[in-house]
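**Student:** Provided below for reference: sequence and predicted model.
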Number of protein chains: 2
Amino acid sequence: MRPTVHDIAAEAGVSLATVDRVLNRRPGVRRQTVEKVENAVTRLGYVRDVTAANLARRRVYPLVFIIPSGPNSFMRVLESEIASAMARSGVERTAIRIETVPPFDPAAIVRVLDALDPKQVSGVALVATDTPEVRAAVDRLSDQGVQVATLVSDLPGSRRVHFCGIDNVAAGRTAGNLIGRFCGGRSGKVLVVAGSMNLSDHMDRAAGFAAVLGREFPGLDIVGPIETNDDADTVRDAVTSALDQVSDIIAIYNLGAGNRGLIEALAHRRDRTLSVVAHEVTEHSRQALSDGVFDAVINQDCGHEVRSAIRVLKAHADGISPLSEQERIRIDIFLRDNLP
Amino acid sequence: MRPTVHDIAAEAGVSLATVDRVLNRRPGVRRQTVEKVENAVTRLGYVRDVTAANLARRRVYPLVFIIPSGPNSFMRVLESEIASAMARSGVERTAIRIETVPPFDPAAIVRVLDALDPKQVSGVALVATDTPEVRAAVDRLSDQGVQVATLVSDLPGSRRVHFCGIDNVAAGRTAGNLIGRFCGGRSGKVLVVAGSMNLSDHMDRAAGFAAVLGREFPGLDIVGPIETNDDADTVRDAVTSALDQVSDIIAIYNLGAGNRGLIEALAHRRDRTLSVVAHEVTEHSRQALSDGVFDAVINQDCGHEVRSAIRVLKAHADGISPLSEQERIRIDIFLRDNLP
DNA sequence: GAATTTCTGAGGTACGTAAATCAGAAATCC
DNA sequence: GGATTTCTGATTTACGTACCTCAGAAATTC
């Protein structure tokens, strides 16, 4: 049986009330006595029964998720994952609110962040546009005691406590490695399509991709990246005209969203054998994989990301540091055959 | 606020004791009254507070993990994952015991299974050799009310409640797809190395691999599978002699263990460009990936598998069916660049 | 040494559920 | 219709922790 507060009180030779004061860092205990209790805790290997504690204190964690609105499939999947986390609110003692903001609009994010009442919110998770204003707003909120985590795209240099997402440089390298091998020694050009260079995830992927191609596949030259603001129609038009104008494109890497546009652009040309790698498993990309239009899709499990964000924000709100092992999000590679 | 048992008692117009009897399926309640309570439950949307319930009933789940002994790195990783689950026992209200048995020894598994006291064990997770004796022993245990889950390798047709592992046919297909593409249109032979055809995971992988190669890459012919009993030295010797005897091997798929032997066999021959795909991220395979000896490693997250097994066994012990979504184990593909 | 201030102990209630006891109501049997 | 059996209600204790109050001990100040 694991020890309880009663055991500690007995071991330390103090009363239950004193143990409680020490454990919950309440004032009114002499330094000496604090040490006696803390020694007893380590001697007995006491760990607080979090479930009993939460039951007793009727704690709820008010959390806010800020995500882009718009047709981006990945963001809609993310939203549905947050929704299903909301359904578990009762069990997990969370009170989750979703705030959607127009995509690529830093000012809108800042407005939402600044409108939050630090006393009413214990944590915020946001898909951040990487600009100074957003960073400043995050830091303001952090300073007021609100735990902030970035989701999907990071805000390096800010006072966010955690980034819930993948290592995007490694994801870009992975894409480079895949495309390099799929091209099997052929030479030619690789078209890179991106959403926005204001998103740190897109920037990182582009950098990782370029690094691998430059180092390991010198026969492949990069065209782009083209910026599309993650708009499918823009992607379609840009890819179509690139394929028309540049003759020796043998591979395409879409490191942003708008896969629908990419699929549409490729639908017309069955003539050439293009290696295509994209990101995020959605309705469209899943179909493209099984049709053989995409060769591989790199994915981040956004269900895992949302659950991780909640765990991390709760832990930080309680002053605990979360288990890093469980919070690392993997870079998934999906081919047609291992699609979940 | 979510409703409590008190609210239900009030809503149904019965006492707390009756609600408790209905919720916990204890006898002594008239059919009519049961319905009244159940209606109140659905009307109010009551869900039991599992943490409070566990607190009150001081429930612990005695679980047994049965895994092979021996030098197999993957199994040792699995063991360490179980060990870290044991460290969480206090929090998760489990009492986990590990039983190691000699690998490829069905009789040993049967002995351990039969020695278990059904009254003292609520669940068992085992890495099963797929033989009739083992299946019979599992069924006997199931009939005595012990929940059994298979781990890593399944026991199809048995009365196990769940398989905690990957879809190994799909894993084999994935390997086939990767090797096919990595070979980039070249023709030649692919050496397939397996551990034992008494392991259903190995059988499934071989089948999936062969299916994809036959259907999509007609230029590639399979040599093998060679059976090695997952012994590294056997793998080394078998691969070495196969490479000596068969001239046009251009790829190797090791669908079992013993990666160390494969690496040793390849260390001597830098002359040819072999595509190599293996299973499970371990110390050896990780090194081989970053050295460029292996091109890809297909992995199952055994930390996830162990955690899933615990959740599933606990849920079944309580007569609850677990959320299938969270319990699906992914087929991870790792290249050098997305190694965790 | 008296008056403070600071610390500590004892005791209680609460969280939501499980489980037990016991008394009494309702249904069933003879 | 009385005896039995089956059902139901009321009440209590417990789980491990949080948090509150109040009395009194100990240390500090004047």
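**Tutor:** Everything's here; your move.
**Student:** ok, then the element right after the helix or strand encompassing residue A:215?
**Tutor:** Using DSSP states H and E, residue A:215 sits in helix A:200-216. Next along the chain after helix A:200-216, taking DSSP H and E as the criterion, comes strand A:220-227.
**Student:** mind checking the end-to-end distance for stretch A:126-134?
**Tutor:** 10 Å (Cα to Cα, to the nearest Å).
**Student:** What are the buried residues along it?
**Tutor:** Neighbour counts over stretch A:126-134 (16 or more other Cβ atoms under 10 Å in any protein chain shown) mark A:126-130, A:134 as buried. Where C-beta positions appear, they are placed from N, C-alpha and C, glycine not excepted.
**Student:** Please identify which pair of those residues lies farthest apart.
**Tutor:** Using Cβ to Cβ, those span at most 11.6 Å, a distance reached by A:126 and A:130.
**Student:** The helix holding residue A:215 near chain B anywhere?
**Tutor:** Yes: Helix A:200-216 reaches chain B (Cβ under 8 Å from any Cβ of the partner chain) through A:208, A:212.
**Student:** Contact partners for residue A:156?
**Tutor:** Neighbour list for residue A:156: A:130, A:200 [criterion: Cβ atoms under 8 Å, 6 or more residues apart in numbering or on different chains].
**Student:** Taking the stretch 101-250 of chain A, what residue is nearest to DNA strand D?
**Tutor:** residue A:122 (13.7 Å; Cβ to the nearest atom of the strand).
**Student:** residues in chain A within reach of DNA strand D, list them.
**Tutor:** Within chain A, the positions near DNA strand D by Cβ under 7 Å from any atom of the strand are A:1, A:4-6, A:16-17, A:20, A:23-24, A:46, A:48-49, A:52-53, A:55-57.
**Student:** One more pass at 10 Å, please.
**Tutor:** A:1-9, A:15-26, A:28, A:30, A:32, A:46-59, A:318 (Cβ under 10 Å from any atom of the strand).
**Student:** Can you flag the buried ones in those residues?
**Tutor:** Buried among these by 16+ other Cβ under 10 Å: A:3-5, A:7-9, A:18-19, A:21-23, A:46, A:49, A:51, A:54-55.
**Student:** Among those residues, which lie within strands?
**Tutor:** If you go by DSSP state E, these have nothing in strands.
**Student:** Look at the residue of the stretch 101-250 of chain A found nearest chain B and say how many residues are nearby.
**Tutor:** Chain B sits closest to residue A:184 of the stretch 101-250 of chain A, with a gap of 2.5 Å, by Cβ to the nearest Cβ. Counted with other Cβ atoms under 10 Å in any protein chain shown, the neighbours of residue A:184 add up to 14.
**Student:** and the nearest residue to it once chain neighbours are set aside, how far is that from DNA strand C?
**Tutor:** Leaving aside its sequence neighbours, residue A:184 sits nearest to residue B:184 (Cβ to Cβ, 6 or more residues apart in numbering or on different chains; 2.5 Å). Separation of residue B:184 from DNA strand C (Cβ to the nearest atom of the strand, to the nearest Å) stands at 60 Å.
**Student:** Residue B:184 reaches residue A:185, doesn't it?
**Tutor:** Yes: counting by Cβ atoms under 8 Å, residue B:184 touches residue A:185, with 6.6 Å between them.
**Student:** still on that earlier bit, report the contact partners of the residue of the stretch 101-250 of chain A closest to chain B.
**Tutor:** Applying Cβ under 8 Å, 6+ apart, we find residue A:184 in contact with B:181-185.
**Student:** got it, and residue A:297?
**Tutor:** A:277-281, A:285-286, A:288-289, A:333-334.
**Student:** Apply 10 Å and report the result again.
**Tutor:** Residue A:297 sits next to A:175, A:254, A:259, A:276-282, A:285-286, A:288-289, A:332-336, A:339 when contact means Cβ atoms under 10 Å, 6 or more residues apart in numbering or on different chains.
**Student:** Which helix or which strand is home to it?
**Tutor:** strand A:296-299.
**Student:** Residues that sit against both of residue A:126 and residue A:130, list them.
**Tutor:** A:150, A:153, A:155.
**Student:** re earlier: which of the buried ones among the residues of chain A next to DNA strand D sit farthest apart?
**Tutor:** A:18 and A:51 (23.5 Å).
**Student:** hey, where'd the helices end up in the stretch 1-150 of chain A?
**Tutor:** For the stretch 1-150 of chain A, applying DSSP state H, counting those that start in this stretch gives helices covering A:5-12, A:16-23, A:31-44, A:50-57, A:73-87, A:89-92, A:106-115, A:132-143.
**Student:** Which one of those has the poorest average confidence?
**Tutor:** Mean pLDDT is lowest for helix A:89-92 out of these, coming in at a mean of 75.
**Student:** interface residues of the stretch 51-200 of chain A facing chain B?
**Tutor:** Within reach of chain B by Cβ under 10 Å from any Cβ of the partner chain, the stretch 51-200 of chain A has these residues: A:51-52, A:54-56, A:58, A:60, A:84, A:88-91, A:93, A:166-167, A:169-178, A:181-186.
**Student:** If we use 8 Å, what do you get?
**Tutor:** Residues of the stretch 51-200 of chain A lying close to chain B by Cβ under 8 Å from any Cβ are A:51-52, A:54-55, A:90-91, A:170-171, A:173-174, A:176-178, A:181-185.
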